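> Below is the sequence, then the predicted model.
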Protein chains: 2
Amino acid sequence: MICINGDRLLSALRELATIGKFQTGVDRIAFSDSDVAARRWLVRKLTAAGLKATLDRVGNVLGRAPKAATAVLIGSHTDTVPRGGWLDGALGAIYGLEIARSAIEGGGDHAVDVISFQDEEGTFLPFLGSRSFCGELADSEIAATRARDGCALTDALAALAQEAPPVRLDRARHRCYLEAHIEQGPRLEGAGRRIGVVTSIVGIRRFRLRAHGRADHAGTTPMSMRQDAGTALMWFMKWVAEAFPRLAGPDTVWNIGAIAFRPGAANVVPAEAELTLEFRDARTELLDLLENRVLARVAESAGTPVRLEAERTMQIAPTAMSGELADTLAAAAATLGEEPMRMPSGAGHDAMVVGRVIPAAMLFVPSIGGRSHDISENTSDADIVLGCEVLADAVARLRKG
Amino acid sequence: MICINGDRLLSALRELATIGKFQTGVDRIAFSDSDVAARRWLVRKLTAAGLKATLDRVGNVLGRAPKAATAVLIGSHTDTVPRGGWLDGALGAIYGLEIARSAIEGGGDHAVDVISFQDEEGTFLPFLGSRSFCGELADSEIAATRARDGCALTDALAALAQEAPPVRLDRARHRCYLEAHIEQGPRLEGAGRRIGVVTSIVGIRRFRLRAHGRADHAGTTPMSMRQDAGTALMWFMKWVAEAFPRLAGPDTVWNIGAIAFRPGAANVVPAEAELTLEFRDARTELLDLLENRVLARVAESAGTPVRLEAERTMQIAPTAMSGELADTLAAAAATLGEEPMRMPSGAGHDAMVVGRVIPAAMLFVPSIGGRSHDISENTSDADIVLGCEVLADAVARLRKG
């Protein structure tokens, strides 16, 4: 058994939230001064807790349990989106700190390594830290990467050039990876549950849809003589709204998040129209089905006055979590009197990258109002502490097993 | 009878098109160097033709027939949209030049004044010239006006400060106003007609529609728990596409020319969505009906998760052309063997402004492929010459009447 200290956990989370504080949230985008300050802070905290802590050249922080040959790896990330919340990523990293510290204090044989991955949020490259940790990040990819504002990743990395060589996943040492995270959605709250156990991380397909029409004067061109790219895209959107609920599974989600008409003047019939469609599901065959239907709908436009065109701009395969680890998390929750909700994660997490190499599992705590990536993001203190207790109990079970 | 010279007409049009030439079109936005150069060129041409010509402080060019107490006013505008066509506006002004010159050469008692209005295209203020000419333009409005690029109208006017005081419509002198223009649409060409006689200039209503939803993570928020502003706007667009054809008249046109989702990210459910809807018709009661139906559809959203909101951003009343003048134009066309098409003008013209003060009428010539406001804009030489012959014949009829 590992007895965590709830007050100390909350106090560490609150202390971390002062670094890069922005109103009720934080602004710690990867490689910013506040992000690096938070990572140095975590190194000090891990060291004070008795771990051997390293900040490496890409910004990953790894705390190693002393005197242990194998360990459970616990963590997440301490970087945020711009003007983000105080818990996203921070929660999982500080759970690691608290559980590792409590394990050492308890004097048992529970060895916990703690990690905070760099740039999970993709300021430069999504999952940069976990990909580096898993040996997936090529120098050529680093050299070619720029942030949206044009800043080169190599320039951002220069500030960390004096730090340690990249820390790596050690298959002989790291038995498994556990990541706790806020849900970032409303399902736990909606169902009145306090613990979510992630079954898989969904796959994502993203498309750019373009309609090619003709610009015409909207006052002088009769309706019957137009090739209106905007209206063609509207009919495509309507098809999505009606067909996807029939084709999709219960957990499938989809979104049309961006749209533009060109030239975009009130008195000009749109010559071109473009939208972004994405959909997510844990099952590859369902993603394939949806993609095929989208492409078939696009192909139907071939002979019509307004031609549609689809380009896939993102494809991320679903990642199943370890069933055994998920069962362990669920058993730990049950011991603490909580029936967990088994659910897919609709958002990507570092567990997706690490889970391809060693067994991984994720635990969710409720997001109040489903809010995240925003300064309003929050979770009740009681749920924060409960989540850490469940995770600590699971670690204790793993060490026994 | 006034015998015009077709070759001289075409040659004057081609000479004007060299001023501000851009590929096969022209770029003479109001108050630009090329626009002012074209206006000075027109003053010289009118003077050489025997008229008393003035460039005024707002950029209007007026050529007065000598020794006449009353005159028919003929003209249009010589400014263009950016990278516009060679005929839009220029055609009507050069028809005026050719008919006035021919009338003087003919030695009859046909007095023709010629005008080129400033900034019809609204680089700073649509119909600036005709509104000044009709005494409708207040100094306070001039002081408050800026172009889209931020340039103040007062700064643009400074270049013309040494020119003549504003020329004004003279009710005692100007019996009526005739404006020839390219159709800017495909109807004449589609019907195989060469002359259009405008019955009225349509009214315009323009609205900004906004949907107010909620931003949610598009991966973690189940479909049933979203307030998707983008999808709500799609259903509004679908309603327009289905309801307007039932409600509208045969000549009604409408357009959704611009749209935006905010925040506009692929993985965020749109919190806000906005589009621009405009519709045009020659009948005020039909415009009222369409407006009422739009507002009723918007009001229906009041109790739903995504509230719609409509704001009228433009309202221009329809302007009927003089029936008597239109009949004169039609009779002139018939004499020259052409059955004219009676049609509304779907675009605004200076005749809309002048027509509120004195009787006005408009004549259209075909636009090849319906193209305008583009360098591909064109009309066959034969149609250009025919249009001027019809207009000259109409002037001769008016002087007789």
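Yep, it's here. Numbers count the residues shown, from 1 in each chain, chains lettered A, B, ... in the order given.
> Spell out which parts of the stretch 301-401 of chain A neighbour chain B.
Contact residues, the stretch 301-401 of chain A versus chain B (C-beta under 8 Å from any C-beta of the partner chain): A:Met314, A:Ser345, A:Gly346, A:Ala347, A:Gly348, A:Gly370, A:Ser372, A:His373, A:Asp374. (Glycine included, C-beta is placed from N, CA and C.)
> Now which of the residues you listed would you call buried?
Buried subset of these (neighbour count, 16 or more other C-beta atoms under 10 Å in any protein chain shown): A:Ser345, A:Gly346, A:Ala347, A:Gly348, A:Gly370, A:Ser372, A:His373, A:Asp374.
> List the contacts of the fifth one.
Right, the one you point to is A:Gly370. Counting by C-beta atoms under 8 Å, 6 or more residues apart in numbering or on different chains, A:Gly370 makes contact with A:Glu183, A:Gln184, A:Gly185, A:Pro186, A:Arg187, A:Glu189, B:Asp216, B:His217, B:Thr220, B:Thr221, B:Met225.
> please redo it, this time with the cut-off set to 7 Å
A:Gly185, A:Pro186, A:Glu189, B:Asp216, B:Thr221 (C-beta atoms under 7 Å, 6 or more residues apart in numbering or on different chains).
> Do the worst-scoring helix or strand of chain A on mean pLDDT and chain B come into contact?
When the helices and strands of chain A are scored by mean pLDDT, DSSP states H and E, strand A:216-217 comes last with a mean of 91. Yes - using C-beta under 7 Å from any C-beta of the partner chain, strand A:216-217 reaches chain B at A:Asp216, A:His217.
> which residues sit against that strand?
Taking C-beta under 7 Å, 6+ apart as the rule, strand A:216-217 contacts A:Arg226, A:Asn267, A:Val268, A:Val269, B:Gln184, B:Gly185, B:Ala347, B:Gly370, B:Ser372, B:His373.
> And it, how far out from the chain middle?
Centroid separation for strand A:216-217 versus its chain: 45 Å, with C-alpha atoms, centre = their mean, to the nearest Å.
> what lines up beside it in the sheet?
Looking at strand A:216-217 with DSSP bridges, its partner strands are strand A:268-269 (antiparallel).
> which is the next helix or strand following the strand it pairs with?
strand A:272-281 (DSSP states H and E).
> Partner strands of that next one and their direction?
Short version: by DSSP bridges, strand A:272-281 pairs with strand A:203-212 (antiparallel), strand A:253-262 (antiparallel).
> What residues of the helix or strand where A:Val298 lies count as buried?
Of the helices and strands defined by DSSP H and E, A:Val298 is found in helix A:284-299. Across helix A:284-299, burial judged by 16+ other C-beta under 10 Å covers A:Leu286, A:Leu287, A:Leu290, A:Glu291, A:Arg293, A:Val294, A:Arg297, A:Val298.
> Out of the residues you listed, which is nearest to A:Met352?
A:Leu287 (15.0 Å; C-beta to C-beta).
> So which of the strands paired with strand A:272-281 is nearest A:Pro82?
Comparing the strands paired with strand A:272-281 against A:Pro82 with C-beta to C-beta, the closest turns out to be strand A:253-262 (17.1 Å).
> tell me the mean pLDDT for that closest one?
Averaging pLDDT along strand A:253-262 gives 97.
> how big is the angle separating that strand from helix A:284-299?
Using axes from the mean of the first three to the mean of the last three C-alpha atoms, to 10 degrees, the inter-axis angle of strand A:253-262 relative to helix A:284-299 is 30 degrees.
> Can you give the distance from strand A:253-262 to the centre of its chain?
That offset, for strand A:253-262, works out to 21 Å (C-alpha atoms, centre = their mean).
> same thing with stretch A:134-142?
The answer for stretch A:134-142 is 19 Å, by C-alpha atoms, centre = their mean.
> Any idea how far apart the tips of that stretch sit?
15 Å (C-alpha to C-alpha, to the nearest Å).
> residues of that stretch that come out buried?
A:Cys134, A:Leu137, A:Ile142.
> again with stretch A:17-29
For stretch A:17-29, by 16+ other C-beta under 10 Å, it's A:Ala17, A:Ile19, A:Gly20, A:Phe22, A:Gly25, A:Val26, A:Asp27, A:Arg28, A:Ile29.
> if we can go back for a sec, is it possible to get CSV of the buried residues of stretch A:134-142 that adds distance to chain B?
Putting the buried residues of stretch A:134-142 into CSV (distance: C-beta to the nearest C-beta, whole Å) gives the following:
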residue, distance to chain B
A:Cys134, 22
A:Leu137, 23
A:Ile142, 24
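> doesn't B:Thr220 make contact with A:Gly346?
Yes - between A:Gly346 and B:Thr220 there is a contact under C-beta atoms under 7 Å: 4.0 Å.
> Any chance you could list residues touching both of these two?
What both A:Gly346 and B:Thr220 touch, as defined by C-beta under 7 Å, 6+ apart, is the set A:Gly185.
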